[in-house]
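[1] any chance you could fold what I've pasted below:
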Amino acid sequence: MKSFISAFRYFIIPIIVVMGVSIYLGFKQPAELPTTAIVSTSPSVSSTSLNSPAPIPKNTLTPPLQRPYPLANTSKALPVPSPKQMVTGADDIYSVSSPPPKNYTVLSLPNQTEIPFHIKYEENANDLVEIGIFYERKAYLNREAAEMFKQMQLAAQQEGIEIVPVSGFRSVADQKKLFERQIQRQGSKKAASKLSAPPGFSEHHTGYALDVGDGKSPNTILKLTFDSTEAYRWLEVHAAQYGFELSFPKNNFQGVSYEPWHWRFVGSATAQEIFRVAKTQRQ
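    Alright, predicted model coming up:
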């Protein structure tokens, strides 16, 4: 009996103690961290570097007017807005002829003076240069305006901004079609003239005005929400450096609907004379 008690004391009890400690420590082991919780802190990779477009080397840029400068990310087609998305206050929501007609007749129209009023502009299809293609329709500007637009577009592109030309020169005949459709939509000439210029009164006739959009936000093209895009914010800061200004800001003196997408070139003596009346009244 004594030998059994001695054996229990020196062998059995230590074994029980060891087993108890092992079981206790097993419950205290920390849970394994899931692999999804592991975040790399390597300084060589950042989300910004993955998403930002690489800068364009300056020595590979296309010289102005040599050919229409390709838009950014041309390998990625822009989603075409649906007809419902394209219904805006713009007068450029329908297909128009392209290229401009070689033989054209300028209609003789009286000056319009009532509010909302538009200033008469002569149609000038001379010396037009292609500045880009918007959904299979070519856009044109007068050569000196086109040169500065391409330089501006390229400068914006180097900062990751995609300014796309939606519409440039437009004939009186094309404007007549657009205005008539606007009358059908709005119900009267006066209501239509707040949103669209009558034929013979559009800045687009001059070849020195254009509508632009943000290539990264196609659903804002020809919409008031364009002024919330990166392209519009960039233009607000930099457009004047290239001779462009917003034609119809909010609460403009002509009483025309606000058009954040419509810009005119005023950076030359010719352009200043074309828009002299508009600029004088504006000031």
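[2] next SSE after the worst-scoring helix or strand of the chain on mean pLDDT?
    One helix or strand of the chain scores below all others by mean pLDDT, DSSP states H and E: helix 47-51, with a mean of 39. Later in the chain than helix 47-51, the nearest helix or strand by DSSP states H and E is strand 128-134.
[3] quick check: what element follows that following strand along the chain?
    Where DSSP H and E defines the elements, the next helix or strand beyond strand 128-134 is strand 137-142.
[4] which residues does the spatially closest residue to residue 134 that is not a sequence neighbour contact?
    Closest residue to residue 134 apart from its sequence neighbours, by C-beta to C-beta, 6 or more residues apart in numbering: residue 166 at 5.1 Å. C-beta here means a position set from N, CA and C on the backbone, and glycine is covered the same way. Residue 166 makes contact with 92, 134, 139, 210, 211, 212, 213, 221, 222, 261 under the criterion C-beta atoms under 8 Å, 6 or more residues apart in numbering.
[5] just the ones in strands from these, please.
    Mapping the contacts of residue 166 onto strands (DSSP state E) picks out 134, 139, 210, 211, 212, 213, 261.
[6] between all of these, which two are separated the most?
    Comparing all pairs in the ones in strands among the contacts of residue 166 by C-beta to C-beta, the longest separation belongs to 139 and 261, at 12.7 Å.
[7] out of the ones in strands among the contacts of residue 166, the closest to residue 248 would be?
    residue 261 (9.6 Å).
[8] okay, now the unreliable bits of this structure?
    1-18, 20-115, 282-283 (pLDDT under 70).
[9] one more time with 80, if that's ok
    The chain contains residues with pLDDT under 80 at 1-117, 280-283.
[10] how about the strands in the stretch 151-283 of the chain?
    Here the stretch 151-283 of the chain has its strands, by DSSP state E, counting those that start in this stretch, at 163-167, 209-214, 244-248, 259-265.
[11] residues contacting the closest residue to residue 255 other than its chain neighbours?
    Distance criterion C-beta to C-beta, 6+ apart; nearest residue to residue 255, sequence neighbours excluded, is residue 116 at 3.6 Å. Going by C-beta under 8 Å, 6+ apart, residue 116 touches 190, 193, 194, 254, 255, 256.
[12] now, those residues that are in helices?
    Residues of these located in helices (DSSP state H): 190, 193.
[13] in the contacts of residue 116, which residue is surrounded by the most others?
    Among the contacts of residue 116, the one with the most neighbours (other C-beta atoms under 10 Å) is residue 193, at 26 neighbours.
[14] on that earlier part again, now the ones in strands among the contacts of residue 166 in TSV, with distance to residue 145 and neighbour count?
    Listed next are the ones in strands among the contacts of residue 166 as TSV, based on distance: C-beta to C-beta, whole Å; neighbours: other C-beta atoms under 10 Å:
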residue	distance to residue 145	neighbour count
134	17	21
139	11	26
210	8	29
211	13	25
212	13	29
213	18	26
261	16	28
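[15] and which of those residues is nearest residue 234?
    residue 212 (10.7 Å).
[16] quick check, the closest one in contact with residue 235.
    Yes. Assessed by C-beta atoms under 8 Å, residue 212 is found in contact with residue 235 at 7.5 Å.
[17] what do these two both touch?
    163, 263.
[18] quick check: residue 222 touching residue 214?
    No. In this structure, residue 222 is not within contact of residue 214 by C-beta under 8 Å, at 11.1 Å.
[19] any shared contact partners between those two?
    Shared contacts of residue 222 and residue 214, defined by C-beta under 8 Å, 6+ apart, are absent.
[20] rewinding a little: now the strands of the stretch 151-283 of the chain as CSV including distance to residue 150?
    Below are those laid out as CSV (distance: least, C-beta to C-beta, whole Å):
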stretch, distance to residue 150
strand 163-167, 10
strand 209-214, 12
strand 244-248, 12
strand 259-265, 12
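[21] of all those, which one is nearest residue 174?
    Smallest distance to residue 174 across those (C-beta to C-beta): 9.8 Å, for strand 163-167.
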